[in-house]
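Asks: give the three-dimensional model of this entry:
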Amino acid sequence: MGIKAALPRYELYLYTAVLAGAMIWAGSWIFEASSENVGRKAFKESVKPGWHYFGRKMDVADFEWIMWFSTFRNHILFALTGHVIFAKIFTLIAPKVRACVLNT
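Replies: From the prediction side, this is the model:
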């Protein structure tokens with residue numbers, strides 16, 4: 001495959017610190033935007049308690065959330081099993097091109 005050289009520790013620490021800072025910064029923007037719009041009356045009818053882990057309210061007006069979590073909740077295990085079986089069959093049939101197909 002080629003020569004693999006490890007990056008210096010200080011460079012890895014720098015990348016980790018930059019990534020952590022960016023994630024915290026983005027999260028603070030999301031929290032600020034959601035806090036500013038908590039009292040809007042347009043959202044009152046379509047918001048219900050639901051995100052009890054974070055103490056926030058869940059938007060029930062979004063069609064995709066309602067569809068995935070109400071209709072397909074009972075079928076998620078079946079769908080994930082199908083994905084795993086397909087990957088295993090493809091690995092047995094064509095192992096050389098497996099990475100190209102499954103990663104796209």
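Asks: quick check: Tyr15 vs Ile85, distance?
Replies: 37 Å (CB to CB, to the nearest Å). In this view, the C-beta of every residue, glycine as well, is placed from N, C-alpha and C.
Asks: with Glu32 instead?
Replies: For Glu32, the distance to Ile85 - CB to CB - is 44 Å.
Asks: Met67 now?
Replies: Applying CB to CB to Met67 and Ile85 gives a distance of 24 Å.
Asks: for Leu19, same thing?
Replies: 35 Å.
Asks: just give me the neighbour total for Ile89.
Replies: Using other CB atoms under 10 Å, Ile89 is surrounded by 10 other residues.
Asks: how about Thr16?
Replies: Close neighbours of Thr16, defined as other CB under 10 Å, add up to 10.
Asks: torsion angles phi and psi at it?
Replies: phi -60, psi -40 (degrees, to the nearest 10).
Asks: quick one: pLDDT of it?
Replies: In the prediction, the pLDDT value recorded for Thr16 is 95.
Asks: identify the residues contacting it.
Replies: Going by CB atoms under 8 Å, 6 or more residues apart in numbering, Thr16 touches no other residue.
Asks: mind listing what's buried in stretch 79-91?
Replies: By 16 or more other CB atoms under 10 Å, stretch 79-91 has no buried positions at all.
Asks: low pLDDT regions in this protein?
Replies: 1-3, 38-63, 65-66, 68-69, 98-104 (pLDDT under 70).
Asks: let's see 90
Replies: Low-confidence segments of the chain, defined by pLDDT under 90, span residues 1-9, 30-84, 86-104.
Asks: ranges for the helices of it?
Replies: 9-36, 63-66, 76-93, 98-102 (DSSP state H).
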